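> need coordinates for the below:
(one chain, ligands or ions: 2)
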Amino acid sequence: MTFNVLISDPLSEEGILPLRLADNVKVVIETGLSEEDLEERITEFDALLVRSGTQVTRSIINKGKNLKIIGRAGVGVDNIDLNAATEHGIIVVNAPNGNTNSAAEHTMAMLMALSRNIPQAYLSLKEHRWDRKKFVGVELRDKTLGIVGLGRIGTEVATRAKGQRMNIIAYDPFFTKEKADKMGIGYGTFEEVIQQADFITVHTPLLKETRHLIDAKAFGRMKDGVFIVNCARGGIIDEDALYEAIVSGKVAGAALDVFEEEPFMDHKLLELPEVVATPHLGASTVEAQEIVAVDVCKDVLRHLNGESVINPVNLPSLPKDIMKKVEPYFYLAEKLGAFLIDLVSEVAEEINVSFAGELYDIEVAPITRNTIKGILKRHLGMHVNDVNALYLAEKKEIVVNEQKTPQAKGFTNLITVEIKTKSQIRKVAGTLLNGLGPRIVHVDNYRVDVRPEGHMVVIEHIDQPGVIGRMGSLLGKHDINIATMQVDRSDRGGKAIMILTIDRHLDEAALNELLQLDEIKDVVAIDL
Ligand SMILES: NC(=O)C1=CN([C@@H]2O[C@H](COP(=O)(O)OP(=O)(O)OC[C@H]3O[C@@H](n4cnc5c(N)ncnc54)[C@H](O)[C@@H]3O)[C@@H](O)[C@H]2O)C=CC1
Ligand SMILES: O=C(O)CCC(=O)C(=O)O
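Numbers count the residues shown, from 1 in each chain. Ligands and ions are numbered 1, 2, ... in the order given. The predicted structure is shown next:
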């Protein structure tokens, strides 16, 4: 099978080599497409790769009937409708590490350009003026740099600004006084940071919570003559408020790499001599572009080839060593879910997934997602996947619970799936037998040993002599060969269960005839 990959923003040619070298991938590069063009083009593609230039809207995603993955060659994913992608089961991946250094270096360049009026002085000189008085700057040394958002880039900026002998004070919801002491920088609340800083630089993502984080009220609390740097995202700073704060003299100057609307040709902030700006160049270095493109292309390839990705955005990411431990359980988990929902054949209201034995100590959320996927696929079809399984369960108002216990009833690992419906509670348990693969080991309270694969029949009956024989001849009459059989009972003469694996699907006629036998209470055909 050949996968079609569309690249809709300029990406480093060296970076996309992994895709070009793959023999099952066809790469198409079409940049500068309008939303309408992209809606039309996207239908034939399995993967879409973008930088910040393409807005991947809900309507584009809706049209991507073959779309499996969206790759963002960079960090910020605010140009991708993540909810729409998740709902459609489309995984979004980014390249969070490749441009950290470049963005931090650009921030420092902007900070210095701002403090020493370098762009303004250069322009003046180009206009044949030798004006030294006009461009007197301020030193960075001993000034306080307030960093809002101390993630990858914020931290790198802190390290570099220390080299400029600045005092650093930072705020981040995940930053503590202890971490600050270790890094040799100051810790403050958001309020403290904006009140104490001579220069403020923001390095948060653009989220609902960070939109206009720096607004007129925030400017009001800052020192007079403060300088502002934004190399993160337009929208974190309210541009109208910034304009007013510069005009009023509250803010001495601003260095901006990013804007609320991009791209643009005219911007009122650029009319102010106190503003220095670049057109979103933070990540625009040869090195960063190559790394982010390689990273994202590799993840796209992994996903198209059915492997787990390294940098998922709409799925929790797991370190490689943990993924190695959980991945072998995915098949078993999905099959347990599919088996049980067929057995129940009613709408699930609650699904409880329990993990025992060696699973007690590992991250099991991806295994749960596979169980839910197995359950929902039966009714919602093939578009259910790891990405949208939990979203779809929530949308169907199905409660999903995950539990863990160290005791595994004699197994080294055990996954138990329980489904509650309006009228019944049923459960199935399975294990991964070392060297022998997955097995179903309990159905309700019965003990069995069945491979979760192929055509199966679950028969609930009364434990009486002759049942097995009658059932066997009936299937024989229908030319249905029994491959394996497992039987267990509650007590002698009581309820019993029989699980058969057969060589073909149990058709309606054979099923109905089985139900005619007095001792047989229920028959369910399951195809895994
Ligand atoms: N100008 C450019 O070309 C580039 C811009 N960026 C932008 O920079 C942003 C940051 O990138 P990274 O440092 O790699 O991301 P990151 O995820 O490592 O760091 C973001 C930090 O912001 C913090 N944060 C979230 N909400 C906050 C709030 N309300 N107040 C304070 N801190 C908050 C988070 O806790 C996190 O530590 C990206 O989201 C992207 O938008 C990234 C690369 C290049
Ligand atoms: O793609 C780019 O050049 C922008 C990089 C960026 O803004 C990001 O990685 O968030």
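> can we go C-alpha only for contacts and neighbour counts from here?
Noted.
> neighbours of the nearest residue to I459 once chain neighbours are set aside, how many?
The shortest distance from I459 to any non-neighbouring residue, by C-alpha to C-alpha, 6 or more residues apart in numbering, is to V523 (4.6 Å). By the criterion of other C-alpha atoms under 10 Å, V523 has 20 neighbours.
> list the contacts for V523?
V523 makes contact with V457, V458, I459, E460, L511, L514, L515, according to C-alpha atoms under 8 Å, 6 or more residues apart in numbering.
> among those residues, which lie within strands?
The strands, defined by DSSP state E, take in V457, V458, I459, E460 from the contacts of V523.
> are any of the contacts of V523 buried, and which?
Among the contacts of V523, those scoring as buried are V457, V458, I459, E460, L511, L514, L515 (criterion: 16 or more other C-alpha atoms under 10 Å).
> and stretch 361-371, C-alpha only, in PDB?
Presented in PDB, the C-alpha positions along stretch 361-371 are these (Å, rounded to 0.1, in the frame of the first residue of the first chain):
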ATOM      1  CA  ASP A 361       3.400  -1.100  38.300                       C
ATOM      2  CA  ILE A 362       3.200   0.200  34.800                       C
ATOM      3  CA  GLU A 363       1.300   2.900  32.900                       C
ATOM      4  CA  VAL A 364      -1.800   1.100  31.700                       C
ATOM      5  CA  ALA A 365      -3.800   4.000  30.100                       C
ATOM      6  CA  PRO A 366      -2.800   2.900  26.600                       C
ATOM      7  CA  ILE A 367      -4.000  -0.600  27.300                       C
ATOM      8  CA  THR A 368      -7.400   0.700  28.600                       C
ATOM      9  CA  ARG A 369      -7.700   2.700  25.400                       C
ATOM     10  CA  ASN A 370      -7.200  -0.500  23.300                       C
ATOM     11  CA  THR A 371      -9.900  -2.200  25.400                       C
END
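> ok, now how distant is the residue of the stretch 301-450 of the chain found nearest ligand 2 from A95?
In the stretch 301-450 of the chain, no residue comes nearer to ligand 2 than V313, which is 12.9 Å away by C-alpha to the nearest ligand atom. As judged by C-alpha to C-alpha, to the nearest Å, V313 and A95 stand 10 Å apart.
> what about those two, which has more around it?
In terms of neighbours (other C-alpha under 10 Å), A95 is the more surrounded of V313 and A95; the figures are 25 against 20.
> burial of E36, as a residue count?
10.
> just H303 next, same as before
By other C-alpha under 10 Å, 18 other residues sit near H303.
> for V251, give the beta-bridge partners.
Note on V251: beta-bridge partners by DSSP bridges are V226.
> pretty sure it contacts V229?
No: using C-alpha atoms under 8 Å, V251 makes no contact with V229, being 11.1 Å away.
> return the helix or strand in the chain with minimum mean pLDDT.
Using mean pLDDT, DSSP states H and E, helix 320-326 stands out as the lowest-scoring helix or strand of the chain, at a mean of 87.
> and the residue nearest the centre of this protein?
The chain has N314 as the residue nearest its centroid, 2.1 Å off, counting by C-alpha atoms, centre = their mean.
> just to be sure, it is in a strand?
No: going by DSSP: H, G, I helix; E, B strand; the rest coil, the assignment for N314 is coil, not a strand.
> could you measure from it over to ligand 1?
Distance of N314 to ligand 1, computed by C-alpha to the nearest ligand atom, to the nearest Å: 14 Å.
> hang on, the earlier thing: nearest to N4 among the contacts of V523?
Set against N4, the nearest of the contacts of V523 by C-alpha to C-alpha is V457 (40.5 Å).
> for that closest one, name its beta-bridge partners.
On the basis of DSSP bridges, V457 is bridged to L500, A525.
> what's it in contact with, if anything?
Going by C-alpha under 8 Å, 6+ apart, V457 touches M498, I499, L500, T501, I502, L506, V523, V524, A525, I526.
> could you redo the last one with a cut-off of 6 Å?
I499, L500, V524, A525, I526 (C-alpha atoms under 6 Å, 6 or more residues apart in numbering).
> thought the residue of the stretch 301-450 of the chain closest to ligand 2 was touching I91?
No: counting by C-alpha atoms under 6 Å, V313 stays clear of I91, with 7.5 Å between them.
> after the least confident helix or strand of the chain, next one along is what?
Using DSSP states H and E, the helix or strand that follows helix 320-326 in sequence is helix 330-344.
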